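Colleague: coordinates only, no sequence provided:
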């Protein structure tokens, strides 16, 4: 599609002109080098009038109120609702993408809803959502929109959450996370081979993002790894990954091991057996990870939070529904007093497993009626 006939574009700043006249996008380590009218691999950033522009600012593939545990975030305001949205496109090329209809979309019709940052922040506040999540596809590629939304939300006391693969360059990384309150980073595997052949990306920038978030920011961090049979689920890889997390990030970063199902271009692999997730969780705990979870399966034990000091059940979870709550008002174990890492209210939210789609375009019309 010709960028010149786009309905709207938004300026960006992470790019420079090369000697051959092409313009290089400096947002992510892919460094797409574009001629006039060309789009990058993400499809939503392209070259127009000698500059890199964003074509999805203010537009979304849909808005939905989710449980925050679905992001997944188990240690950030448990039980509260979060207003979730994405745009279109992605800067990775994962063969197993489970949101491929959004992340690999080349159709502007995918962007069926729209909202200004201010409208989105007002909507989150009035809908009693404690947070807004940039999810479904990676906020890295719509950084300018994500940052403006996060700014508007912060003015109203609404938190901003990034759900991301972590493939971003240092300077835009600093800008993005300066405005985020929490992040779940998808650590897809622990080998360059997997990243290169399965995702068309690289592991090193993701590890840099993880270290940056943990060591240089106040952003609450959790990690998710989708385990694919025969690809990234060996004992050796899980051992190396979880040891790296403890050595480089510390023991308090929660890790989520989630189940794969055949999708997109990876239809030849079986679903992940629940036993694989349990094994991964066991390896993580054995290597010193204090909070390890299983996901995309029904596993009360693997989804619940336990005290690393005395083993007491702190937060019981059945899918996205919270049960037992044995934390004191300051987030400590009611049994032994050991503090549980995270950002907790004095009492859990009660949103449960509900999923509620929202049309923000209609909401904005009502605001201006």
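Modeller: Perfect, thanks for sending it. These figures come from a predicted structure and were not determined experimentally.
Colleague: residue boundaries of the helices in the chain?
Modeller: Secondary structure of the chain (DSSP state H): helices at 100-103, 117-126, 143-155, 170-177, 192-194, 203-216, 235-249, 274-286, 300-303, 360-368.
Colleague: the longest one to helix 203-216, inter-axis angle?
Modeller: Right, the one you point to is helix 235-249. Direction vectors for helix 235-249 and helix 203-216, defined by axes from the mean of the first three to the mean of the last three C-alpha atoms, to 10 degrees, enclose an angle of 40 degrees.
Colleague: nearest to residue 8, of the helices of the chain?
Modeller: If you check each of the helices of the chain against residue 8 by C-beta to C-beta, helix 143-155 wins as the nearest, at 11.6 Å. No exception for glycine: its C-beta is placed from N, CA and C like everyone else's.
Colleague: sketch out the low-pLDDT regions of the protein for me.
Modeller: Screening the chain residue by residue with the criterion pLDDT under 70, one finds the ranges 1-7, 99-112, 362-369.
Colleague: in it, which residue is most central in space?
Modeller: residue 163 (1.0 Å; C-alpha atoms, centre = their mean).
Colleague: would you confirm that that one contacts residue 135?
Modeller: Yes. Proximity of residue 163 to residue 135 meets the contact threshold set by C-beta atoms under 8 Å, at 3.9 Å.
Colleague: intersection of neighbour lists for those two?
Modeller: residue 71 (C-beta atoms under 8 Å, 6 or more residues apart in numbering).
Colleague: distance of the nearest residue to residue 185 once chain neighbours are set aside from residue 51?
Modeller: For residue 185, the nearest residue in space outside its immediate sequence neighbours is residue 166; the separation is 4.6 Å by C-beta to C-beta, 6 or more residues apart in numbering. Distance of residue 166 to residue 51, computed by C-beta to C-beta, to the nearest Å: 26 Å.
Colleague: ok, residue 344 - contacts?
Modeller: Taking C-beta under 8 Å, 6+ apart as the definition, contacts of residue 344 comprise 75, 77, 78, 327, 331.
Colleague: going by distance to residue 122, which of these wins?
Modeller: Minimum separation from residue 122 among the contacts of residue 344 (C-beta to C-beta) is found for residue 77, which lies at 19.8 Å.
Colleague: measure the closest one to residue 129 for me?
Modeller: According to C-beta to C-beta, residue 77 and residue 129 sit 10 Å apart.
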